[in-house]
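Peer 1: quick one, structure for this:
(chains A and B)
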Amino acid sequence: MDKTGKPACQICEKGIPPKGIQGCPADAIKFDDKDEYINLKVGAVIIATGFKPMSKHYFKEYSPHSPDVITSMEFERILSATGPTGGELKRPSDGTKPKTIAMVSCVGSRDERYHPYCSKVCCMYMLKHARILKEKYPDIKLYLFFIDVRTAGKDFEEFYVYTRELGVKVIKGGRVSSVDVKPNGKLRVRAFDSDLCAPVELDADMVVLATAIEPPDGVEELGSMFTATCGREGFLREVHTKLYPVETQARGVFIAGCVQGPKDIPESIAQARAAASATAALVIPGKIKFEAIISEVDRDKCSSCGVCVPLCPYTAIRIVEYKGKEKAYIEPALCAGCGVCASACPSKAIKFNGFTTEQIMAQIDALTEA
Amino acid sequence: MAWEPRLVVIACHWCTYAGADLAGSLRYSYPPTVHIVRVPCSGRVEPEFIAEALRRGADGVFIGGCHFGDCHYKEGNYKAIRRFKLLKRALTDLGVDPDRVQLEWISGSEGKKFAEAMTAFDAKIRELGPNPMKGGANV
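Peer 2: Next up, the predicted model:
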């Protein structure tokens, strides 16, 4: 109700009595259900918190204070049949139907000031919006401003060619330099057209900004709860781009979708299924193979100082009772074999398997054998 | 048979060992006299490792770590260089040519640098000649 500004239709609850349509005949919906916290003990977690579209308010040069300058996400709602205008195209400022619409790509993406990366989906959804508009309102004038059009993907180039054939104007070149509000309420868009090799100006009724895909709020805190790390751009980092694309540094924690980086829906689904398979492969056998190179506590030597517990980046160390005393215990399934605890242990009670002094010495001895 | 040097390279897992791996994938060649021991960090290298290698007759010992600021354990390489400088002094006092040991920062992307460093180290040890401690020394 809040999102669309309309009351819920309540068909599933009350049905449509005049037409003789009942509510859910299977009584499958709980209408009085409430939010609650449920504690679960699980063997694996998939983080798929998605993304956040960048706010338009960062871009003072694009007159974000004007109600007619909107983001693509807002535009998507205007086009939607369940949206605030019921699917009718209206200018947010005065409710009139716009005749000219400018769409601006790479707002915040591929921009050193904000995000150096490409948000990947904007080119395609701008073309989608253009196509929907052109098919619904053939007389509307559409100008799409791109740095360059990136349509890599199955059938995407065909979509682009088709959209251009509908009469959508594509202007390639540099970034749009400014959007200014004119006294008559129109928006003046200034850009550079590299095909004309000249600056261009356009009076539009509405400007749609394709703002960047950003990591969701709090993803870093969420990641650190699971000891998963974020990359430079703030997206959760996979262990390896090609070999471990859904695994994180934390064992048993997987990622899928835009929380890992900008991607479109087919890619998100593919990654989600990969994450589900990886999770199943971990959980279903009911057994876990430990790595050979992990640390181990000699609990008879442990002085119970607890130095190692906060040091472990994988939260693998716990204090557990042993022979009536509290001693450190390393969970072998969580240990990633970094060796931090072994180097910190003042009692030398932690053995880092594979790199003990004896083992390294034995290697040196073997290599120096005459 | 002519004398061939025997070099022990103690390489940190995160940088130099990865660099050695990359040198291989990129098909850079380096001398077969190089024998690599992997350690988790250059900070893991105890002076005893180097002393033991030299005592056992290694002609040169090379320590490879991450560049400053790149250490996987944040400061292991700082610890390594402090220890290494002290060790070099101690080796000089013991009458060992300190040029037989070398510390170098080679990152995981520097496969070429690894191969070049190995070639240079091999050439240097060849110039210095065999380790006089070889075949039994009382250290």
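Peer 1: mind pulling up the pLDDT for the residue of chain B at minimum distance from chain A?
Peer 2: Going by Cβ to the nearest Cβ, chain A is nearest to residue B:56 of chain B, at 3.7 Å. Placement of C-beta: from N, CA and C, glycine included. Looking at residue B:56, its pLDDT stands at 89.
Peer 1: and what of the one 10 residues further on?
Peer 2: Residue-level confidence at residue B:66 comes out at 95, pLDDT.
Peer 1: count of neighbours near it?
Peer 2: 26 (other Cβ atoms under 10 Å in any protein chain shown).
Peer 1: what's the spacing between it and residue B:42?
Peer 2: Separation of residue B:66 from residue B:42 (Cβ to Cβ, to the nearest Å) stands at 7 Å.
Peer 1: and for residue B:64?
Peer 2: For residue B:64, the distance to residue B:42 - Cβ to Cβ - is 7 Å.
Peer 1: shared neighbours of those two, anything?
Peer 2: B:10, B:12, B:16 (Cβ atoms under 8 Å, 6 or more residues apart in numbering or on different chains).
Peer 1: a markdown table for those, including distance to residue A:177, secondary structure and pLDDT?
Peer 2: Converted to a markdown table, those look like this (distance: Cβ to Cβ, whole Å; DSSP: H, G, I helix; E, B strand; the rest coil; pLDDT from 0 to 100):
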| residue | distance to residue A:177 | secondary structure | pLDDT |
| --- | --- | --- | --- |
| B:10 | 56 | strand | 96 |
| B:12 | 49 | strand | 95 |
| B:16 | 48 | helix | 95 |
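Peer 1: out of those, which are buried?
Peer 2: B:10, B:12, B:16 (16 or more other Cβ atoms under 10 Å in any protein chain shown).
Peer 1: measure the first one to residue B:109 for me?
Peer 2: Just to be clear, that refers to residue B:10. 20 Å.
Peer 1: residue ranges with poor pLDDT in chain B?
Peer 2: B:1, B:135-139 (pLDDT under 70).
Peer 1: tell me where it has helices.
Peer 2: Here chain B has its helices, by DSSP state H, at B:16-25, B:47-55, B:76-93, B:111-128.
Peer 1: possible to save these as TSV with distance to residue B:5?
Peer 2: Output for these, formatted as TSV (distance: least, Cβ to Cβ, whole Å):
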stretch	distance to residue B:5
helix B:16-25	18
helix B:47-55	13
helix B:76-93	17
helix B:111-128	5
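Peer 1: give me the most central residue, chain B.
Peer 2: Ranked by distance to the mean C-alpha position of chain B (Cα atoms, centre = their mean), the top residue is residue B:62 at 1.0 Å.
Peer 1: show me what contacts the residue nearest to it when sequence neighbours are not counted?
Peer 2: Spatial nearest neighbour of residue B:62, chain neighbours left out: residue B:9 (4.5 Å); criterion: Cβ to Cβ, 6 or more residues apart in numbering or on different chains. Residue B:9 makes contacts with B:16, B:20, B:34-37, B:61-64, B:118, as judged by Cβ under 8 Å, 6+ apart.
Peer 1: determine which two of those residues are furthest apart.
Peer 2: B:20 and B:61 (15.4 Å; Cβ to Cβ).
Peer 1: still on that earlier bit, pick out whichever of the buried ones among the shared contacts of residue B:64 and residue B:42 sits closest to residue B:76.
Peer 2: Nearest member of those to residue B:76, counting by Cβ to Cβ, is residue B:12, at 7.5 Å.
Peer 1: okay but that closest one is in contact with residue B:70, surely?
Peer 2: No - between residue B:12 and residue B:70 there is no contact under Cβ atoms under 8 Å: 10.0 Å.
Peer 1: how close does the closest residue to chain B within the stretch 151-300 of chain A sit to residue A:217?
Peer 2: In the stretch 151-300 of chain A, the residue that lies nearest chain B is residue A:293 (8.8 Å; Cβ to the nearest Cβ). Applying Cβ to Cβ, the value for residue A:293 to residue A:217 is 37 Å.
Peer 1: among the two, which residue is more densely surrounded?
Peer 2: Just comparing residue A:293 and residue A:217: by other Cβ under 10 Å the higher neighbour count belongs to residue A:293, 16 against 10.
Peer 1: wait, the more buried one touches residue A:336, no?
Peer 2: No - counting by Cβ under 8 Å, residue A:336 is not a contact partner of residue A:293; they are 9.1 Å apart.
Peer 1: kindly format the C-alpha coordinates of the helix or strand of chain A with the lowest mean pLDDT as CSV.
Peer 2: For chain A, counting by mean pLDDT, DSSP states H and E, helix A:11-14 ranks last in confidence among helices and strands (a mean of 79). Output of helix A:11-14 as CSV, limited to C-alpha atoms (Å, rounded to 0.1, in the frame of the first residue of the first chain):
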residue,chain,number,x,y,z
ILE,A,11,-9.1,-10.0,-3.6
CYS,A,12,-7.3,-13.0,-2.0
GLU,A,13,-8.9,-12.2,1.3
LYS,A,14,-12.4,-11.1,0.5
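Peer 1: what helices or strands is the next helix or strand along the chain from it leaning on?
Peer 2: Heading C-terminal from helix A:11-14, the first helix or strand you meet, by DSSP states H and E, is strand A:45-47. Counting contacts by 3 or more Cβ pairs under 8 Å, 6 or more residues apart in numbering or on different chains; DSSP states H and E, strand A:45-47 is packed against strand A:253-255, helix A:265-283.
Peer 1: pull the residues that contact strand A:45-47.
Peer 2: Contacts of strand A:45-47 (Cβ under 8 Å, 6+ apart): A:222-223, A:226, A:228, A:236, A:248, A:252-256, A:259, A:272, A:275-276, A:279.
Peer 1: quick one, phi psi at residue A:203?
Peer 2: Taking degrees, to the nearest 10, you get phi -100, psi 120 for the backbone angles of residue A:203.
Peer 1: please name the nearest non-neighbouring residue to it.
Peer 2: Closest to residue A:203 by Cβ to Cβ, 6+ apart is residue A:186, at 4.6 Å.
Peer 1: you'd agree the one you found is up against residue A:206?
Peer 2: No - if you go by Cβ under 8 Å, residue A:186 and residue A:206 don't touch, sitting 9.8 Å apart.
Peer 1: for residue A:260, what are its contacts?
Peer 2: A:235-238, A:245-246, A:271.
Peer 1: before we move on, what about residue B:65?
Peer 2: Counting by Cβ under 8 Å, 6+ apart, residue B:65 has contacts B:12, B:15-16, B:41-43, B:71, B:76-77, B:80, B:103-106.
Peer 1: got those residues as JSON lines, with distance to chain A columns?
Peer 2: JSON lines is the format used below for these (distance: Cβ to the nearest Cβ, whole Å):
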{"residue": "B:12", "distance to chain A": "11"}
{"residue": "B:15", "distance to chain A": "14"}
{"residue": "B:16", "distance to chain A": "15"}
{"residue": "B:41", "distance to chain A": "7"}
{"residue": "B:42", "distance to chain A": "12"}
{"residue": "B:43", "distance to chain A": "7"}
{"residue": "B:71", "distance to chain A": "12"}
{"residue": "B:76", "distance to chain A": "8"}
{"residue": "B:77", "distance to chain A": "14"}
{"residue": "B:80", "distance to chain A": "12"}
{"residue": "B:103", "distance to chain A": "17"}
{"residue": "B:104", "distance to chain A": "18"}
{"residue": "B:105", "distance to chain A": "20"}
{"residue": "B:106", "distance to chain A": "19"}
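Peer 1: what are the boundaries of the helices in the stretch 201-350 of chain A?
Peer 2: Applying DSSP state H, counting those that start in this stretch to the stretch 201-350 of chain A gives helices spanning A:219-225, A:265-283, A:308-311, A:340-344.
Peer 1: now residue A:119: which helix or strand?
Peer 2: Going by DSSP H and E, residue A:119 is not in any helix or strand.
Peer 1: what sits against the closest residue to residue A:245 other than its chain neighbours?
Peer 2: Excluding its sequence neighbours, the residue lying closest to residue A:245 (Cβ to Cβ, 6+ apart) is residue A:238, at 5.2 Å. Counting by Cβ under 8 Å, 6+ apart, residue A:238 touches A:244-248, A:255, A:260.
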